[in-house]
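Visitor: quick one, fold the following:
(one chain, ligands or ions: 2)
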Amino acid sequence: MEQTYIMIKPDAVQRGLIGEIVARIEKRGLKISAMKMGFMEEDKAKEHYKEHVERPFFGALMEYVTSGPCVSMVVEGKDAISIMRKMNGATNPVDALPGTIRGDFAIETGRNVVHASDSPEAAKREIAIHFSESEIVDYAKIDEVCLY
Ligand code: RTP
Ligand code: MG
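Guide: Ligands and ions are numbered 1, 2, ... in the order given. Predicted coordinates for the structure are as follows:
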């Protein structure tokens, strides 16, 4: 089983899209193992997006992700990392296919609604930035439990 870090970005929270995005994740069959809402602290935002620190959009990106509360999740399941990347769609919503979250709800790269870890290494690193081990809930869903 894989775990991935998902963020519902501040623009999506402002637009009332939390339920829509969470519903898509649940309906796909992935398990939410941790979830919380809050403002992302600046140092955590910098650590999270440190691969982009030299990019011209880094300042704007920091402003964007700290501009309002976001929802952070650990999402778990078979191939959860690549499934969530595909569900989110391309970074630039112009290239995101209809049916993806960005393809359905976004028109700007700088307001692209969701984040998902892009590799197992990134998932491990990002989960550790945003969650303590005790915040990640270890449970089985009914469809994982053999009753007979
Ligand atoms: P994310 O990390 O947020 O899931 O997005 P991603 O993997 O699809 O894209 P990434 O290259 O990691 O970029 C991170 C976020 O930075 C903003 N961005 N702006 N103006 C630009 O050219 C530009 N490029 C990227 C986006 O908010 C993107 O999601
Ligand atoms: Mg990324």
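
Visitor: check whether stretch 81-97 contacts ligand 1.
Guide: Yes. Using CB under 6 Å from any ligand atom, stretch 81-97 reaches ligand 1 at residue 91. Quick note: C-beta positions are derived from backbone N, CA and C, even for glycine.

Visitor: and that stretch, end to end?
Guide: Length of stretch 81-97, first residue to last, CA to CA, to the nearest Å: 18 Å.

Visitor: now find how far off-centre it is within its chain.
Guide: Distance, stretch centre to chain centre, for stretch 81-97: 11 Å (CA atoms, centre = their mean, to the nearest Å).

Visitor: next: stretch 118-134.
Guide: Worked out by CA atoms, centre = their mean, stretch 118-134 lies 11 Å from the chain centre.

Visitor: what residues does it touch?
Guide: Under the criterion CB atoms under 8 Å, 6 or more residues apart in numbering, residues 2-5, 7, 34, 36, 44, 47-48, 72, 74, 81, 85, 117, 136 lie in contact with stretch 118-134.

Visitor: the same query, at a cut-off of 10 Å, please.
Guide: With contact meaning CB atoms under 10 Å, 6 or more residues apart in numbering, stretch 118-134 is reached by 2-7, 33-36, 38, 40-41, 43-45, 47-51, 70, 72-75, 80-82, 84-85, 115-117, 135-136.

Visitor: select from these every entry located in strands.
Guide: Assignment to strands by DSSP state E places the following of the contacts of stretch 118-134 there: 2-7, 33-36, 38, 70, 72-75, 115-116.

Visitor: that older thread, ChimeraX command for the buried members of the contacts of stretch 118-134?
Guide: For the buried members of the contacts of stretch 118-134, the matching ChimeraX selection, counting by 16 or more other CB atoms under 10 Å, is:
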select :2,3,4,5,6,7,33,34,35,40,44,45,48,49,70,72,73,74,75,80,81,84,85,115,116,117
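
Visitor: so which of the ones in strands among the contacts of stretch 118-134 also contact ligand 1?
Guide: Restricting these to those near ligand 1 - CB under 6 Å from any ligand atom - leaves 115, 116.
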